[in-house]
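# Sequence isn't available, so here's the structure alone:
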């Protein structure tokens, strides 16, 4: 199943351009604080959720990409960044009435790690433990997951060693992006070819990034090898 992610505000113009050029998405992945290098959905949640609905999608997946220097710090910093992420998601969910949690009770919630960033085991432990352990209305709906480039840096080593309260549930892979995958669209996606971390499920693949593939719309394209919308926020109606 295919979808889009973008680091800029999701406007009606953007969603229309993406749909017309690359196809109708099943989901959108958008940034939540702390994400200083991206616009965040909480700034205009109703307008962005309207654009998600009007694009033909009904599902929203959350990612937070803190200042990348933070990822090399200790568990206290990881805890603080996770707290900001979760609090913002809960606030958006509370205020955007039609936005609901997945019926299965599992919302994959991503930490963004770029290629050149070092991820410390302490930071991941603090971040993932807070995400996985957060209780809302008697349940724990947030499941810590990681966007990274498996095989570059130390991301695989850190999450492979994590377990229990700090477990990583799935990986969203930024690779492989090559001449074959860059020719794909949501209408005609490439064959699954995501780079992976051994022992951790890789269920989401960014097969075409705007910069790497020279896309003319300010989005990246993603493919899942599972029914990924079942693990996203769900919009019951247009806000």
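Here it is on my side, so go on. A quick note: this is a predicted structure, and the numbers were derived from the prediction, not measured.
# Helices of this protein, start to end?
Ranges of helices in the chain, per DSSP state H, are 12-22, 45-54, 75-95, 121-133, 155-161, 179-182, 210-213.
# Do a quick rundown of the strands in the protein.
With DSSP state E, the ranges of strands along the chain come out as 2-5, 28-31, 59-64, 99-100, 107-112, 142-148, 171-173, 202-208, 220-224, 233-235.
# Note down every partner strand of the last one and its orientation.
As defined by DSSP bridges, the strand partners of strand 233-235 come to strand 59-64 (antiparallel), strand 99-100 (antiparallel).
# surely residue 194 meets residue 222?
No - Residue 194 lies out of contact with residue 222 (CB atoms under 8 Å); the separation is 10.0 Å. For the C-beta atoms, the positions are set from N, CA and C on the backbone; glycine is no exception.
# what's the overlap in contacts for the two?
Here residue 194 and residue 222 have 204, 205, 207 as joint contacts, going by CB atoms under 8 Å, 6 or more residues apart in numbering.
# what's the closest non-adjacent residue to the first one?
This points to residue 204. Of all residues not flanking residue 204 in the chain, residue 172 sits nearest, at 3.9 Å (CB to CB, 6 or more residues apart in numbering).
# just the last one next, same as before
Once flanking residues are discounted, residue 207 sits nearest to residue 181: 4.2 Å by CB to CB, 6+ apart.
# tally of neighbours for residue 157?
12 (other CB atoms under 10 Å).
# now the most centrally placed residue in the chain: how far from residue 21?
For the chain, residue 63 is the residue whose C-alpha lies nearest the centre (CA atoms, centre = their mean; 3.9 Å). Per CB to CB, to the nearest Å, residue 63 is found 23 Å from residue 21.
# cool, and residue 172?
23 Å.
# circling back to that earlier point, once you drop chain neighbours, what's closest to the residue nearest to the centre of the chain?
Nearest non-adjacent residue to residue 63 (CB to CB, 6+ apart): residue 110, at 4.0 Å.
# for residue 232, same thing?
Distance criterion CB to CB, 6+ apart; nearest residue to residue 232, sequence neighbours excluded, is residue 59 at 3.9 Å.
# and what of residue 199?
Distance criterion CB to CB, 6+ apart; nearest residue to residue 199, sequence neighbours excluded, is residue 160 at 5.5 Å.
# what number of residues lie near that neighbour?
When neighbours are counted by other CB under 10 Å, residue 160 comes out with 13.
# contacting residues around it?
With CB under 8 Å, 6+ apart, residue 160 has these contacts: 197, 198, 199, 200.
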